[in-house]
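Peer 1: here is a sequence with its predicted model. Questions after.
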Amino acid sequence: MSDRGRSRQRSVLLSEFYRRRFGSHSPTEYMNLRISGFRENLERDEIKSLLTKVFRDYQPFEIKVVRNPGDDERLAYVNFETDGIARHIRHNMGDQLKSCLGRHVICDPAGILRDQEGKYIPDRFNRALQGGDRTGRRSPDRRHRKEPQQWNLNQDDSEATRTLFVGNLPSDINEAEIRRVFESYGKIEDIDIKSVNNADAAFAFVMFQVSRKIWIGGLGSWVNRDMLTSEFDRFGVIEKMEYYSGAEFAYIRFTNQNAAQDAVKAMKSLSLNGHRIFVDYTKDDTVPKDVGIRKRRASKSPPPRRSPHSQTQTQIIKTIEELDEEYASTWQGQMIIKKTECNVKLYRIAGAETLLQKQLRDEEGDPLKLIVSQRLALAGQQSLLEKIETTSQKHLSVMIAVGKKSDDDLKMLVRYLREKDAAGVISLPSAYVYIFPYSEAALKMLSIFSSQVRVLTPDCNYLLCVLANST
């Protein structure tokens, strides 16, 4: 395609709103896309699945599909982690997007701010910093300043785990309202609200407190506890390690935040004993004694979620026989995949039993037939996993699914999900059931909700099921 043709394609993909506000040109650096104009018959999960397929060569990325409050239109926000990918897609993949999502599809750069002169301000959510002074200053009278605003949150700030950009806020938004929405995802250290000049709108930066706890992924039978201890205690004193032999992940909590930060910086995407590992922060529901936090910044996060048995029962459950002794199977029925019926029974290991009985039975009390209608690629589902992990157990039920009479009852469904490297989705009138085969995602959720249950293995015919209200 000629340069002129590509230029025309890029212009067509821009929304009228974007053109009116910013013109037909886009910045050279951005890492997010806002995609809209989908075919009307596409549902949220279908949109996410199609985008995951189209962008599969550009991983890692995150996709979030939401509804536009103004007209109920579906919008998809895609956040890429590699520089240049978002721009390349918008400039070169318009025809592919229109082919699978609809001929009216629109693709705008997202998360782009401009100052009063129309110059681009690369926001922190994009992480496309262009150098210069990044310190910024906070003004106590931030709502009445006339000069272009600067923000005080530093990308390399040693006090921050993650900083979120939140846009399209009402001009009268206050810190308490933002805190109520985001504090369940971690301890918030600072909220910086900015008003948009000559507009009835605002945006904010939410800075989360650094966690002392880190997650290490990509492990296997080649590693042991001593190796992990030797590798990570050089960054600081390890207060607690959560790891069992053969697991694909581990958690380490240090005695202070600096040690965790040093470990993440040094070990992220590096090799251990010839194997590539992954290191990142994870939510820590404990507060170290040596960390002083101002009262007005104190977190109101709920206590750690535990299964009913985790408080008193430390026995490791590795077999279905042990699972059956410790937990009751309170639901038996059928899961259906591609017209094949699989007879299953569910063991609830965490969350609300009432939710399970309410959502998985009809008005007569008979079990519903659970039809696996969709699948989600396990890659690129970090936002879904984070949503599950932070949902109150009052609105969640975590279960192990096994064959009703034998392991072979679930064999076909388990094999299908493994071959597709996907999770299954069961849509109910007011809830969803997500079913996971043995995978890193399933093991991570098990470690959070019921760490003593370890029945999922590479060769097992069992599934992890998560039932969650749809609202």
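Peer 2: Happy to help now that I have it.

Peer 1: okay, now the unreliable bits of this structure?
Peer 2: 1-13, 16-29, 68-72, 111-162, 196-200, 210, 269, 285-314, 471 (pLDDT under 70).

Peer 1: show me the domain layout of it.
Peer 2: If you go by automatic domain parsing, the domain ranges for the chain are 3-113, 213-282, 320-469.

Peer 1: now tabulate those in CSV and tack on distance to Phe165 and mean neighbour count.
Peer 2: Just so you know, the C-beta spots here come from the backbone N, C-alpha and C atoms, and that holds for glycine as well. What follows is the domains of the chain, written out as CSV (distance: least, Cβ to Cβ, whole Å; neighbours: other Cβ atoms under 10 Å):
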stretch, distance to Phe165, mean neighbour count
domain 3-113, 6, 16
domain 213-282, 18, 16
domain 320-469, 15, 18
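
Peer 1: return the distance of Glu321 relative to Tyr347.
Peer 2: Glu321 is 12 Å from Tyr347, where distance means Cβ to Cβ, to the nearest Å.

Peer 1: do the same with Met207
Peer 2: 40 Å.

Peer 1: skipping adjacent residues, who's closest to Ser184 in space?
Peer 2: Thr390 (5.4 Å; Cβ to Cβ, 6 or more residues apart in numbering).

Peer 1: now do the same contact list for that neighbour.
Peer 2: 184-185, 283 (Cβ atoms under 8 Å, 6 or more residues apart in numbering).

Peer 1: for the chain, longest strand please?
Peer 2: When the chain is parsed with DSSP state E, its longest strand is strand 340-351.

Peer 1: neighbouring strands for that strand, and are they parallel or not?
Peer 2: strand 329-337 (antiparallel), strand 396-403 (antiparallel) (DSSP bridges).

Peer 1: mind checking what helix or strand follows the shortest one in sequence?
Peer 2: So the one you mean is strand 396-403. Next in sequence after strand 396-403, counting helices and strands by DSSP states H and E, comes helix 411-420.

Peer 1: so what does that next one touch, helix or strand wise?
Peer 2: With contacts defined as 3 or more Cβ pairs under 8 Å, 6 or more residues apart in numbering; DSSP states H and E, the packing partners of helix 411-420 are strand 329-337, strand 340-351, strand 369-377, strand 422-428, strand 431-436, strand 463-469.

Peer 1: if we go to 6 Å?
Peer 2: For helix 411-420, there is no helix or strand it packs on, judged by 3 or more Cβ pairs under 6 Å, 6 or more residues apart in numbering; DSSP states H and E.

Peer 1: so which residues of the stretch 101-250 of the chain form strands?
Peer 2: For the stretch 101-250 of the chain, applying DSSP state E, counting those that start in this stretch gives strands covering 106-109, 112-114, 120-122, 160-169, 188-195, 202-209, 213-217, 238-242, 249-254.

Peer 1: which of the contacts of Thr390 are buried?
Peer 2: The neighbour-count test (16 or more other Cβ atoms under 10 Å) marks 185, 283 as buried among those.

Peer 1: could I get the contacts of Thr390 as JSON lines with distance to Ala202?
Peer 2: Formatted as JSON lines, the contacts of Thr390 follow (distance: Cβ to Cβ, whole Å):
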{"residue": "Ser184", "distance to Ala202": "22"}
{"residue": "Tyr185", "distance to Ala202": "20"}
{"residue": "Lys283", "distance to Ala202": "27"}
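
Peer 1: ok so, going back, among the strands paired with strand 340-351, which is nearest Thr163?
Peer 2: Thr163 lies closest to strand 396-403 among the strands paired with strand 340-351, at 27.5 Å (Cβ to Cβ).

Peer 1: which residues in the protein form helices?
Peer 2: 3-13, 16-22, 44-54, 85-92, 94-101, 175-182, 225-232, 257-267, 320-326, 353-359, 382-390, 411-420, 440-449 (DSSP state H).

Peer 1: quick revisit: wait, which of the domains of the chain is closest to Val166?
Peer 2: Here domain 3-113 is closest among the domains of the chain (Cβ to Cβ), at 10.4 Å.

Peer 1: in the sheet, who's paired with Ser195?
Peer 2: Ala202.

Peer 1: tally up the residues packed near it, please.
Peer 2: 19 (other Cβ atoms under 10 Å).

Peer 1: please shift the residue numbers so they start at 791 in all later answers.
Peer 2: All right, first residue 791 from here; so that's Ser985.

Peer 1: roughly how far does it sit from Ala992?
Peer 2: 5 Å.

Peer 1: what's the answer for Trp1005, then?
Peer 2: Counting by Cβ to Cβ - Trp1005 and Ala992 are separated by 33 Å.

Peer 1: kindly report the same for Ser1229.
Peer 2: 40 Å.

Peer 1: ok, Val1243 next?
Peer 2: 45 Å.

Peer 1: swap in Val1188?
Peer 2: Taken as Cβ to Cβ, the span from Val1188 to Ala992 is 38 Å.

Peer 1: ditto for Ser1196
Peer 2: Relative to Ala992, and taking Cβ to Cβ, Ser1196 is found at 59 Å.

Peer 1: for Lys1159, same thing?
Peer 2: 48 Å.

Peer 1: would you list the domains of the chain in JSON lines and tack on distance to Pro960?
Peer 2: Below are those laid out as JSON lines (distance: least, Cβ to Cβ, whole Å):
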{"stretch": "domain 793-903", "distance to Pro960": "11"}
{"stretch": "domain 1003-1072", "distance to Pro960": "31"}
{"stretch": "domain 1110-1259", "distance to Pro960": "24"}
